[in-house]
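Asker: got a structure for you, letters missing:
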């Protein structure tokens, strides 16, 4: 019984942990895409200024 509950706790912990990692990855990708987009806009404006 004790072993079973321990295994269940480990399973739940791993599930939550992997979801948290996925969430962090998604958050990281969103931030990176925003930064890349901002950089593109800056370069584009810079190019327009140079015309």
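Answerer: Everything's here; your move. Just so you know, these numbers come straight off a predicted model, no measurement behind them.
Asker: quick check: buried residues in stretch 39-46?
Answerer: For stretch 39-46, burial by neighbour count (16 or more other Cβ atoms under 10 Å) applies to no residue. Every residue, glycine included, has its C-beta placed from N, CA and C.
Asker: run the chain-centre distance for that stretch.
Answerer: 25 Å (Cα atoms, centre = their mean, to the nearest Å).
Asker: just stretch 27-40 next, same as before
Answerer: Taking mean C-alpha positions (Cα atoms, centre = their mean), stretch 27-40 and its chain are 11 Å apart.
Asker: low-confidence ranges in the protein?
Answerer: 1, 46-51 (pLDDT under 70).
Asker: 80 instead, please
Answerer: Scanning the chain for pLDDT under 80 picks out the ranges 1-3, 41-51.
Asker: which residue ranges of it form helices?
Answerer: 2-49 (DSSP state H).
Asker: what is the neighbour count of residue 9?
Answerer: Residue 9: 10 surrounding residues under other Cβ atoms under 10 Å.
Asker: distance of it relative to residue 20?
Answerer: With the distance defined as Cβ to Cβ, to the nearest Å, residue 9 ends up 16 Å from residue 20.
Asker: do the same with residue 13
Answerer: Residue 13 is 10 Å from residue 20, by Cβ to Cβ.
Asker: got it, and residue 38?
Answerer: Residue 38 is 27 Å from residue 20, where distance means Cβ to Cβ.
Asker: and what of residue 44?
Answerer: In terms of Cβ to Cβ, residue 44 sits 36 Å off from residue 20.
Asker: OK, contacts around residue 41?
Answerer: If you count contacts by Cβ atoms under 8 Å, 6 or more residues apart in numbering, residue 41 has none.
Asker: going forward, count from 9.
Answerer: New numbering, starting at 9: the last item is residue 49.
Asker: so it versus residue 37, what's the distance?
Answerer: For residue 49, the distance to residue 37 equals 19 Å [Cβ to Cβ].
Asker: cool, and residue 16?
Answerer: Distance from residue 16 to residue 37, by Cβ to Cβ: 32 Å.
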